[in-house]
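A.B. asks: predicted model, plus sequence, below.
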Amino acid sequence: MFTGIIEELGAIQRIEPHGNTLVLNIKAKKVLEDITLGDSISVNGVCLTVTNFNHDSFYLDIMPKPFTALHFLS
Ligand SMILES: Cc1nc2c(=O)[nH]c(=O)nc-2n(C[C@H](O)[C@H](O)[C@H](O)CO)c1C
């Protein structure tokens with residue numbers, strides 16, 4: 001469930017092109033306490049789906065929409 005609550009500010013560790021998408025890796029702490037695959041997390045105001053995570057970061061795929069890509073790369 002997307003609550004709209006801001007739990008913390010993460011730090012972008014890596015942005016990597018992968019086929020038609022950009023894979024974003026974000027370092028975080030608080031949200032990792034109860035994260036699950038498929039969660040929706042708002043990043044810079046854009047709702048994205050968690051595709052993977054580890055002990056200190058999580059991964060998202062950004063679809064190739066110009067607005068979305070430019071939003072993150074600017
Ligand atoms: C849940 C969700 N997940 C993703 C995602 O994993 N990757 C992505 O690029 N877009 C997702 N979206 C749509 C975005 O929140 C946003 O509404 C669109 O990218 C339009 O800019 C949504 C709504």
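C.D. replies: Nice, I can see it.

A.B. asks: and residue 45, how many neighbours?
C.D. replies: Applying other C-beta atoms under 10 Å, we find 6 residues neighbouring residue 45. To be clear about C-beta, it is placed using only N, CA and C from the backbone, and glycine gets the same treatment.

A.B. asks: which phi and psi does it have?
C.D. replies: The phi/psi pair for residue 45 (degrees, to the nearest 10) reads phi 80, psi 0.

A.B. asks: from residue 6, how far off is it?
C.D. replies: Distance, residue 45 to residue 6, using C-beta to C-beta, to the nearest Å: 11 Å.

A.B. asks: what does the pLDDT read for the residue nearest to residue 36 when sequence neighbours are not counted?
C.D. replies: Counting by C-beta to C-beta, 6 or more residues apart in numbering, residue 36 lies nearest to residue 50, which is 7.3 Å off, once chain neighbours are set aside. As predicted, residue 50 sits at a pLDDT of 97.
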